[in-house]
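Visitor: From the sequence below, what's the structure:
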Amino acid sequence: MAERPVPYRAVLGAITLVLVAALGGAAGQAPPRAPAIIPAGLGDETFLYGDRLYLIASGRAEGDETTQNRVVTTYQLPEARVIARTTIAVTGAVLGLEQIGDVLVLGYQFNTDGRQGVVAQAVGATTPLWRKTARFVQAATADGIALLDDGAGLIAVDVRTGALRWRVPGPAGGLLTPDGGPDGGYPRWLVLGSDSGQLATWDARTGRPLASTTLPTAAGLMWPVGDLVMVDVGNGYDAYRLPGLDRLWHTATDLSQSSVETDCGVIICMFRQQRGMTAVDPATGRAVWRSERWGYAEPFGSYLLAGAGPETPALSVLDPATGQVLGDFGDWQSLGPAGGGRLYGKKDAKGQYRIWYGLLDPATRQVEYLGTAERVSGNCQTAPIADPVLVCRLVDASYAVWHLR
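Guide: Numbers count the residues shown, from 1 in each chain. Below you'll find the predicted structure:
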């Protein structure tokens, strides 16, 4: 039987005109609905996918004291209603979770030696469907497969039986990696670069080989980004179109101390290890602008949202073509897309376990205040479902779910 969430009865403070002005000048609104509370302990973890929130209890040691029974409670959003509980035995911290049909797939780490494992179990069942020593990469719901890295290459297994569908062997030297996938979803292609100079691609859903080419030298660092892959060839970087591997350009720009943001819209964002970024034109490889200011960035519509780093969370709006700062949201932080060209955001009241949440408009740099959340310790996420919600951890380790409309 479904359980009802515990009502949260703390009284929301009145919002004064001074506070509204401080939050960006947005007009006051009626107080939002009180949140639902999801009980949780300090060691519990959550994963949020669409309209489902999975709470994984910290578990207790069994038998050899390395195995723990972890209870996975599935909540339906926005009402925060319990719809399933599944007890799954693992031997360490849970690193990832996905549900494919009625099957839960968990990736976890062995406490004893740091290796990783994957287990699949039907929702509500008491015994696993299968278990493997491998790293869980991602699952493809439509194909019913889980993509795993077993150390010898990438394999796709049937989520219900664990049977091998296909395998792409890894190179003896070099790198075999998935591309980032659309919007961070399941990868489209697998890309191999070897120390023998081979570059090759496979279809990530079927394991079918797609293309191969020979590099001028052994592959060094390799970054799939958008529809191309950048490869370190010693005297710079070559870019190849995915998946056909047509060579696009070469750049001698020094990117050796950089990492790639997989999608920065009209540019490739190359971030240095400490702080600073280089914007690269994906059509030519030319460095179009540089800045020492930014530690992260993400595309949003025709804009680039950027910040210096976690210690200085102020969010700025940039023109991605030039790097020009168009404005900023002060200390507001992004919580993801809200539709209509806006995004959800939050602002922390320093030292008070309180946040304000609202809608941020990059075109005007204005904030529409939506509400105040009390006793918040962090870990805030939004679920952009039909009735969108904000989920945050509270100071007592429980989670609260606020309606955003």
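Visitor: Which positions within stretch 181-188 qualify as buried?
Guide: Buried residues in stretch 181-188, counted by 16 or more other CB atoms under 10 Å: 181, 186-188. C-betas here are computed from N, CA, C, even on glycine.
Visitor: Just give me the closest of those residues to Val119.
Guide: The shortest approach to Val119 among the buried residues of stretch 181-188 belongs to Tyr186, at 19.6 Å (CB to CB).
Visitor: Just to check, the closest one is in contact with Gly144?
Guide: No. Tyr186 is beyond contact range of Gly144, at 11.9 Å (criterion: CB atoms under 8 Å).
Visitor: sorry, back to before: let's have the buried residues of stretch 181-188 in JSON lines, adding pLDDT, secondary structure and distance to Ser377.
Guide: Shown next, in JSON lines, are the buried residues of stretch 181-188 (pLDDT from 0 to 100; DSSP: H, G, I helix; E, B strand; the rest coil; distance: CB to CB, whole Å):
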{"residue": "Gly181", "pLDDT": "75", "secondary structure": "coil", "distance to Ser377": "32"}
{"residue": "Tyr186", "pLDDT": "91", "secondary structure": "coil", "distance to Ser377": "32"}
{"residue": "Pro187", "pLDDT": "93", "secondary structure": "coil", "distance to Ser377": "34"}
{"residue": "Arg188", "pLDDT": "94", "secondary structure": "coil", "distance to Ser377": "38"}
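Visitor: Could you dump the residues you listed into JSON lines with distance to Gly371 added?
Guide: Listed next are the buried residues of stretch 181-188 as JSON lines, based on distance: CB to CB, whole Å:
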{"residue": "Gly181", "distance to Gly371": "33"}
{"residue": "Tyr186", "distance to Gly371": "34"}
{"residue": "Pro187", "distance to Gly371": "37"}
{"residue": "Arg188", "distance to Gly371": "39"}
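Visitor: how about these, which pair is most distant?
Guide: Largest pairwise distance in those, by CB to CB, is 7.9 Å, between Tyr186 and Arg188.
Visitor: and Pro128, what is it in contact with?
Guide: Taking CB atoms under 8 Å, 6 or more residues apart in numbering, we find Pro128 in contact with 88-89, 119-121.
Visitor: circling back: out of the buried residues of stretch 181-188, the closest to Leu315 would be?
Guide: Of all these, Leu315 sits closest to Gly181, with 25.2 Å by CB to CB.
Visitor: From Arg205, how far off is that closest one?
Guide: According to CB to CB, to the nearest Å, Gly181 stands 11 Å off from Arg205.
Visitor: likewise Leu175?
Guide: 21 Å.
Visitor: residue nearest the centroid of the protein?
Guide: For the chain, Gly184 is the residue whose C-alpha lies nearest the centre (CA atoms, centre = their mean; 6.8 Å).
Visitor: pLDDT at it, what is it?
Guide: Gly184 carries a pLDDT value of 70.
Visitor: re the thing from before, save the contacts of Pro128 as a markdown table, and put in neighbour count too.
Guide: Formatted as a markdown table, those follow (neighbours: other CB atoms under 10 Å):
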| residue | neighbour count |
| --- | --- |
| Ile88 | 24 |
| Ala89 | 18 |
| Val119 | 21 |
| Ala120 | 25 |
| Gln121 | 22 |
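Visitor: okay, among these, which ones form the most distant pair?
Guide: Spatially, the most separated pair among these is Ala89 and Ala120, at 12.5 Å (CB to CB).
Visitor: quick one: pLDDT of Ala61?
Guide: 60.
Visitor: let me fix that: Ala21
Guide: Ala21 is given a pLDDT of 37.
Visitor: swap in Gly180?
Guide: For Gly180, pLDDT reads 73.
Visitor: for the buried residues of stretch 181-188, which one is nearest Ile355?
Guide: Relative to Ile355, and with distances defined as CB to CB, the nearest of these is Gly181, at 30.8 Å.
Visitor: if we take the buried residues of stretch 181-188, which one ends up nearest to Val72?
Guide: Val72 has its nearest neighbour among the buried residues of stretch 181-188 in Tyr186, at 21.4 Å by CB to CB.
Visitor: contacting residues for that closest one?
Guide: So Tyr186 contacts 138-140, 147, 204-205 (CB under 8 Å, 6+ apart).
Visitor: Out of the buried residues of stretch 181-188, flag the one nearest to Asp361.
Guide: Gly181 (28.3 Å).
Visitor: How about the secondary structure of the nearest residue to Tyr75 once chain neighbours are set aside?
Guide: Nearest non-adjacent residue to Tyr75, counting by CB to CB, 6 or more residues apart in numbering: Leu53, 4.4 Å away. Following DSSP: H, G, I helix; E, B strand; the rest coil, Leu53 is assigned to strand.
Visitor: Okay, and the beta partners of Leu53?
Guide: For Leu53, the beta-bridge partners under DSSP bridges are Leu48, Tyr75.
Visitor: Against Ser398, how distant is it?
Guide: From Leu53 over to Ser398 (counting by CB to CB), the distance is 12 Å.
Visitor: Which of these two has more residues huddled nearby?
Guide: The neighbour comparison of Leu53 against Ser398 (other CB atoms under 10 Å) goes to Leu53, with 22 against 19.
Visitor: isn't the more buried one right up against Leu77?
Guide: Yes. With contact defined as CB under 8 Å, Leu53 and Leu77 form a contacting pair (5.9 Å).
Visitor: Across the sheet, point out what pairs with Val90.
Guide: Applying DSSP bridges, one finds that Val90 bridges with Gln68.
Visitor: Hmm, it is touching Gln116, no?
Guide: No. Using CB under 8 Å, Val90 makes no contact with Gln116, being 10.6 Å away.
Visitor: mind giving me the domain split of the protein?
Guide: As given by automatic domain parsing, the domain ranges for the chain are 172-252, 258-328.
Visitor: How about the contacts made by Ala219?
Guide: Here Ala219 is in contact with 174-175, 193-195, 197-199, 231-233 (CB under 8 Å, 6+ apart).
Visitor: among the residues you listed, which two are most distant?
Guide: Gln198 and Asp232 (14.8 Å).
Visitor: So if I had to pick from these two, which one is more boxed in?
Guide: The neighbour count for Gln198 versus Asp232, taken as other CB under 10 Å, is higher for Asp232 (19 against 16).
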